[in-house]
Each structure stands twice: as C-alpha cells, then as structure tokens.
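Novice: got a predicted model here, sequence first, then my questions.
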Amino acid sequence: MAEPTCENCKLREKYDNNPKSFLGRFWRWHIGFCPGWKAFMKSLDEDKKQELRVKYNLKVK
C-alpha cells in the first residue's frame with residue numbers, strides 16, 4: 001500500500017471546514033474502517049495521536 005495521504009486529504013479538509021456537510025460526514029464515517037487512516041494513525045507519535053483523537057472525537061482502541 002502506498003503512503004497514506006491523510007495529512008492533506010481533501011475530504012478531511014471538508015470535515016474541518018464544515019463537519020455537518022455531506023462530504024465531511026462521509027469522511028468521518030469512512031475513517032472508521034479506512035486502512036490508510038489506520039496506518040496514518042500508527043505512524044504518528046502519541047501526542048499527535050491524542051490531539052487527533054480529541055479533535056475528531058475518536059475512541060481509543
């Protein structure tokens with residue numbers, strides 16, 4: 001699998017700008033099972049992971 005581009009994802013940007021938009025909600029639903037997002041999260045240090053968990057209200061697994 002190629003390197004995840006989650007840091008610059010256009011759908012993530014849509015969510016950041018308007019979480020209630022259709023594309024924003026689609027992105028939020030999508031990261032629940034996206035292998036790229038999971039790889040991206042694993043590549044981050046704990047501080048950055050925690051920041052994203054708070055920002056996107058993600059549960060710790």
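Specialist: Cool, got the structure.

Novice: now do Gly36 against Lys10, distance only.
Specialist: 13 Å (CB to CB, to the nearest Å). In this view, the C-beta of every residue, glycine as well, is placed from N, C-alpha and C.

Novice: stretch 54-61: which residues count as buried?
Specialist: By neighbour count with 16 or more other CB atoms under 10 Å, stretch 54-61 contains the buried residues Leu58.

Novice: and it, how far out from the chain middle?
Specialist: 10 Å (CA atoms, centre = their mean, to the nearest Å).

Novice: do the same with stretch 37-44
Specialist: For stretch 37-44, the distance to the chain centre is 9 Å (CA atoms, centre = their mean).

Novice: equivalent analysis for stretch 12-24, please.
Specialist: Counting by CA atoms, centre = their mean, stretch 12-24 comes out at 11 Å from the chain centroid.

Novice: low-confidence regions, this protein specifically.
Specialist: Residues of the chain that meet the criterion pLDDT under 70 lie in 1-2, 61.

Novice: all helices of it, in order?
Specialist: Using DSSP state H, the helices of the chain run over 10-17, 22-30, 35-43, 46-56.

Novice: so what touches the last one?
Specialist: So the one you mean is helix 46-56. The contact list for helix 46-56 (CB atoms under 8 Å, 6 or more residues apart in numbering) reads Tyr15, Arg28, Ile31, Met41, Leu44, Leu58, Lys59, Val60.

Novice: and Gly36 and Lys10? which has more neighbours close in?
Specialist: Shown here are Gly36 and Lys10; by other CB atoms under 10 Å, Gly36 has more neighbours (16 against 9).

Novice: touching, that one and Cys6? I think so.
Specialist: Yes: Gly36 lies in contact with Cys6 (CB atoms under 8 Å); the separation is 6.2 Å.

Novice: show the contacting residues for the residue lying closest to Leu23 once chain neighbours are set aside.
Specialist: Residue nearest to Leu23 in three dimensions, not counting chain neighbours: Lys14, with 4.2 Å by CB to CB, 6 or more residues apart in numbering. Counting by CB under 8 Å, 6+ apart, Lys14 touches Ser21, Leu23, Gly24, Trp27.
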